[in-house]
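**Student:** no letters, just coordinates:
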């Protein structure tokens, strides 16, 4: 699932469960599992100047990056964070860790050959879903459309709860980008390719 989708869906699900405004820790917890992937990409692309193919087929597969991604997507580690935070009464940290758990749970059904090791360090098991949020060979077009619709519904639910104009603006921007990409890749581009045949 795309990282902005995690943030918006997590806000819709978790912000209703709290008795106080927790948008920031929910958003951070939703984004945090993907942070190593962003760092890898920025480092490999901008500093190492690697081509896309090398980034995703070689560098991303190195044990260092795989272990870092697995650590940040780890359900057992995030659950430990929830338990410790709850014990010490650190509500914001508890919510952040719950948001990390929700991120990983939402990833499980939509990752095929790019599945994470969500049970690391207890196990290296990867749940290989028959579905992918991006790969057309594994229903990527359908899953992507469902993801965008879920984000739209989550935005409608979340919008009144967000107090800052920055937050509201980000919700709008993500939905406009999703709509634009959907229209381009699913409507405009197919019609253009038909015209060239």
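**Tutor:** In hand now; what should we look at? Values in this document were obtained by computation on a predicted structure and should not be read as measured data.
**Student:** and the strands in this protein?
**Tutor:** For the chain, none of the segments meets the definition of strands by DSSP state E.
**Student:** excluding its backbone neighbours, what's nearest residue 120?
**Tutor:** Distances taken as Cβ to Cβ, 6 or more residues apart in numbering put residue 70 closest to residue 120, at 3.8 Å, once the chain neighbours are dropped. All C-beta atoms are positioned from the backbone trio N, CA, C, and that covers glycine.
**Student:** quick check: mean pLDDT across stretch 12-28?
**Tutor:** Stretch 12-28 comes out with an average pLDDT of 88.
**Student:** picking that back up, next one: the residue nearest to residue 120 from residue 92, what distance?
**Tutor:** 25 Å (Cβ to Cβ, to the nearest Å).
**Student:** ok, those two, which is more surrounded?
**Tutor:** residue 70 (19 against 16; other Cβ atoms under 10 Å).
**Student:** surely that one is in contact with residue 117?
**Tutor:** Yes: under the criterion of Cβ atoms under 8 Å, residue 70 makes contact with residue 117 at 4.0 Å.
**Student:** now do the shared contacts for the two.
**Tutor:** residue 124 (Cβ atoms under 8 Å, 6 or more residues apart in numbering).
**Student:** average pLDDT across stretch 162-173?
**Tutor:** Rounded mean pLDDT across stretch 162-173 is 94.
**Student:** hmm, who's touching it?
**Tutor:** Residues from elsewhere that reach stretch 162-173 (Cβ under 8 Å, 6+ apart): 8, 11, 21, 23, 155, 158-159.
**Student:** number of residues surrounding the closest residue to residue 29 other than its chain neighbours?
**Tutor:** Spatially, and ignoring its direct neighbours in sequence, residue 29 is nearest to residue 99 (2.7 Å; Cβ to Cβ, 6+ apart). As a burial measure, residue 99 scores 27 neighbours (other Cβ under 10 Å).
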